[in-house]
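Got a predicted model here, sequence first, then my questions.
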Amino acid sequence: MKYTPLLSGLAALVIAAGIGASTTAYADTADLKVDGVIVVSGNTCSWTNASASANPPSALTVDRATINKPGGNLTCGGGISASLNNNPAFTFDDAAGTARTDVIDITGQQSFVSCRYKATNIVWNRDGATRKYLNTPFTASKVSGSFLCPGSFSAAAGEASVAFR
């Protein structure tokens, strides 16, 4: 079996820790929730109703227990499973229209191959007058896993988004 394309996709799952597709306006962020979607190597990963500790623009964390199963509903197509290893922290600069994530640490698995990746200091640009943010380019580095796992993964600008509701 050739694992490289899907394992590259596992690396891209680093992005998924904070992904969202909502276009919620500022005034509507009272739910303290984050929904997420990302397409990785043709496979979709998503979750709904993850819990945030505060509303933007206050600094906040996203609770991994509300993303990961059994408490959350993170699912991926293509035979990939994923699990977030940390509670990502977000800070916001409304004047600049940006958000920043300190660290996203995720493990992905396909069949018997497991890969763990971390990305640090990801910058997100706000999409208009919403609480949706699009990523700037970044690289996630392999922390551990099989020799079949790629050493890193680069994400181009706009390949991911994060939104709060």
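Ah, there it is.

got the contact list for the residue nearest to Asn125 when sequence neighbours are not counted?
Once flanking residues are discounted, Asn125 sits nearest to Leu134: 5.3 Å by Cβ to Cβ, 6 or more residues apart in numbering. Just so you know, the C-beta spots here come from the backbone N, C-alpha and C atoms, and that holds for glycine as well. Taking Cβ atoms under 8 Å, 6 or more residues apart in numbering, we find Leu134 in contact with Trp124, Asn125, Asp127, Ala157, Gly158, Ala160, Ser161.

Check Gly71 too.
Shown in contact with Gly71 (Cβ under 8 Å, 6+ apart): Ala65.

Pop out the phi and psi values for it.
When read as degrees, to the nearest 10, the backbone of Gly71 gives phi -70, psi -30.

do the same with Thr120
Dihedral angles (degrees, to the nearest 10) for Thr120: phi -120, psi 150.

ok, what's across the strand from it?
Residues in a beta bridge with Thr120, per DSSP bridges, are Val103.

ok, now Ser161?
Beta bridges link Ser161 to Leu134, judged by DSSP bridges.

Now do the strands in this protein.
Ranges of strands in the chain, per DSSP state E, are 33-40, 43-51, 60-61, 75-76, 80-84, 89-93, 98-110, 113-126, 132-135, 138-145, 152-155, 161-164.

Poorly predicted segments of the chain, please.
Applying pLDDT under 70 to the chain flags the ranges 1-29, 37-43.

at 80 what do you get?
Applying pLDDT under 80 to the chain picks out residues 1-30, 36-45, 154, 156, 159-162.

could you measure Thr101 against Phe92, distance?
Computed with Cβ to Cβ, to the nearest Å, the distance linking Thr101 and Phe92 is 11 Å.

no wait, Asn85
Here Asn85 is placed at a distance of 23 Å from Phe92 (Cβ to Cβ).

re the thing from before, export the strands of the chain to a markdown table and append columns for distance to Ile67.
What follows is the strands of the chain, written out as a markdown table (distance: least, Cβ to Cβ, whole Å):
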| stretch | distance to Ile67 |
| --- | --- |
| strand 33-40 | 7 |
| strand 43-51 | 5 |
| strand 60-61 | 12 |
| strand 75-76 | 11 |
| strand 80-84 | 5 |
| strand 89-93 | 14 |
| strand 98-110 | 10 |
| strand 113-126 | 16 |
| strand 132-135 | 17 |
| strand 138-145 | 17 |
| strand 152-155 | 19 |
| strand 161-164 | 12 |
